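# Make a model of this:
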Amino acid sequence: APFSGSQIDQVMKQVGQYIEQYLWIIIAVGLAIILLSFILYALGMMGRIGLIKGTYKAESGVASMAFGEIWSESMPYFWRIFGLNFLIGLAFFIVFVPLILFGVITAGIGFLCVIPLICVLIPVSWVVAIILEQAQAAIVLEELGMLDSLKRGWQIVKSNVGPMVVMALILG
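This is a model prediction of the structure:
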């Protein structure tokens, strides 16, 4: 055997001592990573809102746009866009976590049963992503709420299926 039981016990004891000794540092680094992730996610969302707003202004013929102006005009949409993305992310989490747990609990055999469902969920997730893109634009450009923007995004995708599929393939 490559490792004896006493060697494994010794390594686990050393790992436990290390974690005990540096617990506060580990917690602080973990919290810093979570905070930094949230800040970067929020900045990315503000960038997306600013891109939608700036594109609309450019198409409207505005000669120049300042970063601060676009930023301040984007602020009112942040929580609606955040909520929309959170709801969609939560829905996927609720769908995928049980599938993953099923596979883990059955020691991987469950994954064989779940593969066809995952194969169906992949194109569904693409469609949801396209609808989400249109819903985000509807929030910013049409001043809609989260649920109304999802309805509007679905209407836009449904009425422009061909161009949406081509654009999704190009951008994807």
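# Buried residues, the lengthiest helix in the chain. List them.
Longest helix in the chain, counting residues (DSSP state H): helix 23-59. Using 16 or more other C-beta atoms under 10 Å as the test for burial, helix 23-59 gives 45-46, 48-50, 52-54, 57. Backbone N, C-alpha and C define where each C-beta goes, glycine included.
# do stretch 80-93 as well
For stretch 80-93, the neighbour count (16+ other C-beta under 10 Å) marks 80-82, 84-85, 88 as buried.
# As CSV, could you dump the C-alpha coordinates of whichever strand or helix holds Ile170?
Ile170 is located in helix 161-171, with elements delineated by DSSP states H and E. The C-alpha trace of helix 161-171 is given here as CSV (Å, rounded to 0.1, in the frame of the first residue of the first chain):
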residue,chain,number,x,y,z
VAL,A,161,-36.6,33.8,-34.3
GLY,A,162,-34.4,33.6,-37.4
PRO,A,163,-32.3,36.7,-36.7
MET,A,164,-32.0,35.8,-33.0
VAL,A,165,-30.7,32.3,-33.8
VAL,A,166,-28.2,33.6,-36.3
MET,A,167,-27.0,36.3,-33.9
ALA,A,168,-26.8,33.8,-31.0
LEU,A,169,-24.7,31.5,-33.2
ILE,A,170,-22.4,34.4,-34.2
LEU,A,171,-22.0,35.7,-30.6
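# what separates it from the chain centre, distance-wise?
Chain-centre distance of helix 161-171: 21 Å, with C-alpha atoms, centre = their mean, to the nearest Å.
# what about it, average pLDDT?
Summarised as a single mean, pLDDT over helix 161-171 is 85.
# Can you spell out which helices and strands pack onto that helix?
Identification of packing neighbours for helix 161-171 by 3 or more C-beta pairs under 8 Å, 6 or more residues apart in numbering; DSSP states H and E yields helix 109-142.
# Dump the buried residues of stretch 80-93 to a markdown table, plus distance to Val165 and secondary structure.
Rendered in a markdown table, the data for the buried residues of stretch 80-93 read as follows (distance: C-beta to C-beta, whole Å; DSSP: H, G, I helix; E, B strand; the rest coil):
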| residue | distance to Val165 | secondary structure |
| --- | --- | --- |
| Arg80 | 27 | helix |
| Ile81 | 24 | helix |
| Phe82 | 28 | helix |
| Leu84 | 22 | helix |
| Asn85 | 23 | helix |
| Ile88 | 20 | helix |
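# Can you tell me which of the residues you listed is closest to Leu144?
Arg80 (8.2 Å; C-beta to C-beta).
# The residue most central in space within the chain sits in which helix or strand?
By C-alpha atoms, centre = their mean, the chain has its centre lying nearest to Gly89, at 5.9 Å. If you go by DSSP H and E, Gly89 is part of helix 78-105.
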